[in-house]
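# no FASTA, just this:
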């Protein structure tokens with residue numbers, strides 16, 4: 001089950017293993033940087049492939065539209081050619097009647113021959129135009145399918161991008177999207193001289209929920225907490241499932257530590273409300289507590305890695321002293 005899956009960031013070769021302090025080892029930080037870089041490269045590749053596919057579909061649709069216009073223009077031309085052929089045929093019929101009379105004029109006979117040649121040429125043009133129009137009509141009919149393919153490609157691109165950037169269980173932004181938002185937030189904060197906070201949220205004793213009630217109940221708790229955290233998120237903030245029972249919260253445009261403290265206390269109250277979830281045999285009511293570590297920009301760091309690491313350290317401090325909330329020191 002999702003809630004019991006091991007977090008690959010919790011250990012690193014050559015690092016000590018007590019609790020999850022391995023994440024703070026240099027090798028683990030390097031792994032986090034590599035993972036983040038690979039995630040961004042994959043997203044860029046996905047964007048490039050989907051943009052290229054959609055661009056090709058758009059080009060084909062434009063060609064289909066142009067063919068439809070050509071077909072529309074050809075239709076009256078074909079009708080005009082057929083009308084001319086009909087008129088020539090009528091004139092030739094009259095001239096043939098004139099030739100059947102006694103002593104027809106030589107010029108009439110010559111004119112009839114020329115007209116018959118022209119009539120054949122016009123009929124030939126009409127037949128060729130009909131073939132061309134049939135071919136264009138077939139192309140237009142085939143390429144109208146591209147409209148449906150284009151719509152499907154756009155929908156597929158949206159679904160693929162959402163899946164690549166969001167956690168499957170909770171629907172929250174994943175690490176890759178959070179890292180991207182954090183990079184963007186840092187750039188904005190530096191440009192506009194804003195304050196910013198990263199909060200590392202860990203659910204206390206979450207393993208006990210899995211052990212007592214089963215992993216389905218644990219997953220239910222994670223989804224409930226994710227929904228509650230989403231309701232607290234402002235339009236410019238980001239809440240992400242970092243992994244396991246951990247979440248990251250990016251709080252932008254902050255005024256001071258008091259503002260951040262009040263917001264963190266609100267998160268604690270939101271998380272601590274009882275959860276009603278389905279256990280192994282029945283519906284259970286679970287009370288969940290959380291520890292929140294907070295790092296501030298620019299006081300505690302100016303890079304994503306520094307801010308997340310400092311918030312992580314502060315979260316363990318909050319756990320040790322059972323304060324619920326702790327700022328990076």
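Great, that's in hand. Everything quoted here is computed from the prediction, not taken from an experiment.

# okay, CA-based contacts and neighbour counts for the rest of this
Noted.

# let me see the ranges of the helices in the stretch 201-329 of the chain.
206-213, 215-232, 257-272, 304-321 (DSSP state H, counting those that start in this stretch).

# any idea how far residue 170 is from residue 312?
Using C-alpha to C-alpha, to the nearest Å, residue 312 is found at 21 Å from residue 170.

# so residue 204 sits against residue 287, correct?
No - in terms of C-alpha atoms under 8 Å, residue 204 does not count as a neighbour of residue 287; the distance is 10.2 Å.

# more neighbours, these two?
residue 204 (16 against 12; other C-alpha atoms under 10 Å).

# need the contact list for that one.
Contacts for residue 204 were tallied using C-alpha atoms under 8 Å, 6 or more residues apart in numbering; they are 288-291.

# so where do the strands sit in the stretch 51-200 of the chain?
Defined through DSSP state E, counting those that start in this stretch, the strands belonging to the stretch 51-200 of the chain, from first to last, are 195-203.

# where are the low-confidence patches of it?
Screening the stretch 51-200 of the chain residue by residue with the criterion pLDDT under 70, one finds the ranges 51-92, 94-119, 122, 125-126, 132, 139-140, 142.

# all helices of it, in order?
For the stretch 51-200 of the chain, helices defined by DSSP H, counting those that start in this stretch occupy the ranges 106-143, 145-165, 175-192.

# just give the nearest non-adjacent residue to residue 198, would you?
Spatially, and ignoring its direct neighbours in sequence, residue 198 is nearest to residue 250 (4.9 Å; C-alpha to C-alpha, 6 or more residues apart in numbering).

# number of residues surrounding the one you found?
Neighbour count of residue 250, defined by other C-alpha under 10 Å: 23.

# what of the one 4 residues further on?
Residues lying near residue 254 (other C-alpha under 10 Å) number 16.

# OK, contacts around it?
Applying C-alpha under 8 Å, 6+ apart, we find residue 254 in contact with 194-197, 260.

# could you do residue 308 as well?
Listed by C-alpha under 8 Å, 6+ apart, the contact partners of residue 308 are 198-200, 295.

# now the residue nearest to residue 198, which residues is it bridged with?
Taking DSSP bridges, one finds residue 198, residue 238 as the beta-bridge partners of residue 250.

# that one and residue 286, how far apart?
27 Å.

# count of neighbours near the residue nearest to residue 323 when sequence neighbours are not counted?
Ranked by C-alpha to C-alpha, 6+ apart and with sequence neighbours excluded, the top spatial neighbour of residue 323 is residue 291, at 7.6 Å. Other residues within reach of residue 291 by the criterion other C-alpha under 10 Å amount to 25.

# look up how far residue 236 lies from residue 291.
With the distance defined as C-alpha to C-alpha, residue 291 ends up 23 Å from residue 236.

# thinking again about what came up before, distance to residue 328 and mean neighbour count added to the helices of the stretch 51-200 of the chain, as CSV?
Formatted as CSV, the helices of the stretch 51-200 of the chain follow (distance: least, C-alpha to C-alpha, whole Å; neighbours: other C-alpha atoms under 10 Å):
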stretch, distance to residue 328, mean neighbour count
helix 106-143, 60, 15
helix 145-165, 28, 15
helix 175-192, 18, 18
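
# any chance of the ones you listed in TSV, with distance to residue 322 too?
TSV is the format used below for these (distance: least, C-alpha to C-alpha, whole Å):
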stretch	distance to residue 322
helix 106-143	66
helix 145-165	33
helix 175-192	27
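
# just to revisit the earlier point, from the contacts of residue 254, pick the one nearest residue 302.
Nearest to residue 302 out of the contacts of residue 254 is residue 196 (C-alpha to C-alpha; 10.2 Å).

# what's the burial count for that closest one?
Residue 196 has 25 neighbours, counted by other C-alpha under 10 Å.

# same check on residue 307?
Other residues close to residue 307 by other C-alpha under 10 Å number 26.

# test my guess that it contacts residue 199.
No - taking contact to mean C-alpha under 8 Å, the distance of 9.0 Å between residue 307 and residue 199 leaves them out of contact.

# shared neighbours, the two?
Taking C-alpha under 8 Å, 6+ apart as the contact criterion, the common neighbours of residue 307 and residue 199 are residue 295.

# tell me who's in contact with the residue nearest to residue 323.
Here residue 291 is in contact with 201-204, 268, 315-316, 318-319, 322-325 (criterion: C-alpha under 8 Å, 6+ apart).

# how about those, which pair is most distant?
Pairwise distances across the contacts of residue 291 (C-alpha to C-alpha) peak at 15.6 Å, for the pair 268 and 316.

# can you list the buried residues in stretch 262-272?
Of the residues in stretch 262-272, those buried by neighbour count under the rule 16 or more other C-alpha atoms under 10 Å are 264, 267-268, 270-272.

# got the phi and psi for residue 288?
With angles defined as degrees, to the nearest 10, residue 288 sits at phi -120, psi 130.

# nearest spatial neighbour of it, chain-adjacent residues omitted?
In this structure, residue 288 finds its nearest non-sequential neighbour in residue 272, 5.2 Å apart by C-alpha to C-alpha, 6+ apart.

# could you check how far that neighbour is from residue 225?
9 Å.
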